[in-house]
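Visitor: Provide a 3D model corresponding to the input given below.
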Amino acid sequence: MSKVETIKERLASVRETMAKTGVDIYLVLTNDYHISEYSGDYFKEREFITGFTGSAGTAVILKDEAKLFTDGRYYVQAAKEIEGTGFELMKDGSSGVPTLSEYVASKLEEGMCLGFDGRTVDARLGLKLADIVKNKKASFNLTFDAIADIFTDRAAFPESKAFYLDEKYCGTTINEKLAMLRESLKKANADSNIIASLDDVCWLFNIRGNDVWCNPVIMSYAYVSMDKAILYTDGDRFNEEILARFKEANVEIRPYEAVYTDAANISGRVIVDTKRVNMRLYNICMDNKNLNCVLSENPTVLLKAIKNETEIKNLKDVHLEDGAALTKFIFWTKKQVKEGKQITEADAAEYLDSLRAKISDYIELSFDTISATGPNGAMMHYHATKENADILKPEGMLLVDSGGQYLRGTTDVTRTFALGPVTDEMKKCFTLTLKGMLALANARFLHGCNGFSLDILARGPLWDEGIDYRCGTGHGVGYLLNVHEAPNGFRWKHIPGVNDLAVLEPGMVTSDEPGVYEEGKFGIRIENEIVCKKDYENEYGTFLSFDMLTMAPIDLELVDPKYLEAVDIKRLNAYHEEVYNNLKDFFTGEELEELKAATKAI
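Guide: Okay, here's the model as predicted:
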């Protein structure tokens, strides 16, 4: 049976279950029980029912129609993957397209029932849906799951072994982090915090794992009060060393599911982050009459985002080895194509992955490597497989977005480079993208600015030419944690709940990645990680700037100097001088000469 026919059959089965249980509208989300951006295979119900493999999206199923909502990163990919399945693409964020909540409100009528698994819906969305249900005089089924019974080859629930991230890498002990959190709770006039977000829990207790591909976390919750620290997970994950660390910090281990029963019995003022806690846990907290819920962001979100001196030192160090691996990959790929050797997008990605794996403290990739040539480059999160990968031709460009997870931190870098002759349009778009990336990375700004304030620096050169990209310019990056980390980011317009309003603080690491995506033609992205630092103070306030973390050449074959001003050329040459000086010790012989040529002044 073809993929399309399989999806149709599954959809029919779901509708049959909906009819039997009286559910009229069924939402299937991408989330796990922790509202993670990326979920383990166990939680891939939305992918199972739609065939869409992207990391963001929600399926809405009615008896006579089915929709898939996803954002601008995935418009092209989603359209391809759901074609003919019975699902219609809803381009979230596009003009004239209703939001998920608006669409549900337009379809829900009095007496109808809205169903979903409340463990996979964040409380913020759940509250919006609850208002719609109330206003429509409809009903909820928060335990509805029509997919579990037909998802017969579902992966096992993730239960990887955890490891301890030593203070020489993370810079801070568990006790110190608990003290920081408790101080934040006092400032918020709260007694405790229930934490459901996996990266926050793992950061707090200096643990990492392998429950989610490319995200070194474990399935867990936490509860921290002024005198208690409870970690909810399977205790068998931990070796004696970690258990000794927990004992020293007075951390108690409780079963994973016990968080739900415990939440019904605690008291006082507890911080509940509606963006990061599921609807089931939220409802239990709200129904607890002895609990006063303070609805605000987990303090750990900001504490985690501001990297300490040890983390920044390690990040700068590992970015050199990571950048050297990427640079060698670029030289190798250009040579293979020039010599007429037949390699595919997938072959190229596999080779780059193998170079990263040789770095001493490598753990895993930080996401599946994106290797895209020609029209595939226009799909922001395209993933080449052995089956669908295109052969690299001696023309056009290759876009490669990649990164690694190391004990010394997380990397995320994109380089687009020429494989042969390119068009004037490609050079123009590449050069304007480069101009914007350098402008943002070289910004000096007053403390108090956020990503919303600075996004125009990256996007402006493209806007001047009537060009745009349908995504943010950058996202926060974790430290051996999620490659997409809150609360910092760059975005031109505010979208509630998206990372753009957080004030930029020294120590925050953010990606700087403008691009151009011409559907059916090509894609361009240039991405560096940058770390915010204090520049100086004067009578006007505290000025901040960025240091480049990423060290890898920009392909000069794609640069058209006529689109650059003197300041742009100065910035490019300064960056390339820094790249050469930092990477030269990783190269010898012919490769060193290639590095010199790749970083020469223009």
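
Visitor: And what about A56, helix, strand or coil?
Guide: The local conformation at A56, judged by DSSP: H, G, I helix; E, B strand; the rest coil, is coil.

Visitor: Same question for the one 3 residues further on.
Guide: Under three-state DSSP, the three-state class of A59 is strand.

Visitor: Could you pull up the contacting residues of the nearest residue to it once chain neighbours are set aside?
Guide: Excluding the flanking residues, the one nearest A59 by C-beta to C-beta, 6 or more residues apart in numbering is V28, at 4.1 Å. Any C-beta I mention is one placed from the backbone N, CA and C, and that applies to glycine too. Applying C-beta atoms under 8 Å, 6 or more residues apart in numbering to V28 gives the contacts E45, R46, I49, T50, T58, A59, I61, F116, I147.

Visitor: ok, of these, which one's closest to L243?
Guide: E45 (34.2 Å; C-beta to C-beta).

Visitor: Model confidence at the closest one, what's the number?
Guide: Reading off the confidence values, E45 has pLDDT 97.

Visitor: which secondary structure element contains L243?
Guide: helix 240-248 (DSSP states H and E).

Visitor: for that helix, what is the average pLDDT?
Guide: Per-residue scores along helix 240-248 average to 98.

Visitor: Around the closest residue to G472 other than its chain neighbours, how many other residues sit close by?
Guide: With C-beta to C-beta, 6+ apart as the criterion, G472 has its nearest non-adjacent residue at 4.0 Å, and that residue is R491. For R491, the neighbour count with other C-beta atoms under 10 Å is 21.

Visitor: Just give me how far stretch 46-62 sits from the chain centre.
Guide: Distance of stretch 46-62 from the chain centroid (C-alpha atoms, centre = their mean, to the nearest Å) equals 18 Å.

Visitor: in the chain, which ranges drop under the pLDDT threshold?
Guide: Scanning the chain for pLDDT under 70 picks out the ranges 499-500.

Visitor: Walk me through the domains of it.
Guide: Following automatic domain parsing, the chain resolves into domains at 3-141, 163-303, 306-598.

Visitor: And the residue nearest the centre of this protein?
Guide: Centrality entry for the chain: nearest residue to the mean C-alpha point is H484, 3.0 Å, by C-alpha atoms, centre = their mean.

Visitor: Assign the residue lying closest to that residue once chain neighbours are set aside to helix, strand or coil.
Guide: Nearest residue to H484, sequence neighbours excluded (C-beta to C-beta, 6+ apart): H475, at 4.8 Å. Under three-state DSSP, H475 falls in the strand class.

Visitor: Give me the neighbour count for H475.
Guide: 25.

Visitor: OK, contacts around it?
Guide: Counted by C-beta under 8 Å, 6+ apart, H475 has contacts V483, H484, E485, N488, G489, F490, N499, T510, S511.

Visitor: do that again at 7 Å, thanks
Guide: H484, G489, N499, T510, S511 (C-beta atoms under 7 Å, 6 or more residues apart in numbering).

Visitor: can you check F205 too?
Guide: F205 touches I174, L231, V251, counting by C-beta under 7 Å, 6+ apart.

Visitor: any idea which of those residues is the one closest to T143?
Guide: The nearest member of the contacts of F205 to T143, counting by C-beta to C-beta, is L231 at 26.2 Å.

Visitor: ok, and what's touching the one helix or strand that closest one maps to?
Guide: Assessed by DSSP H and E, L231 sits inside strand 229-232. Strand 229-232 has contacts (C-beta under 7 Å, 6+ apart) with 178, 205, 220-223, 249-256, 258-259.
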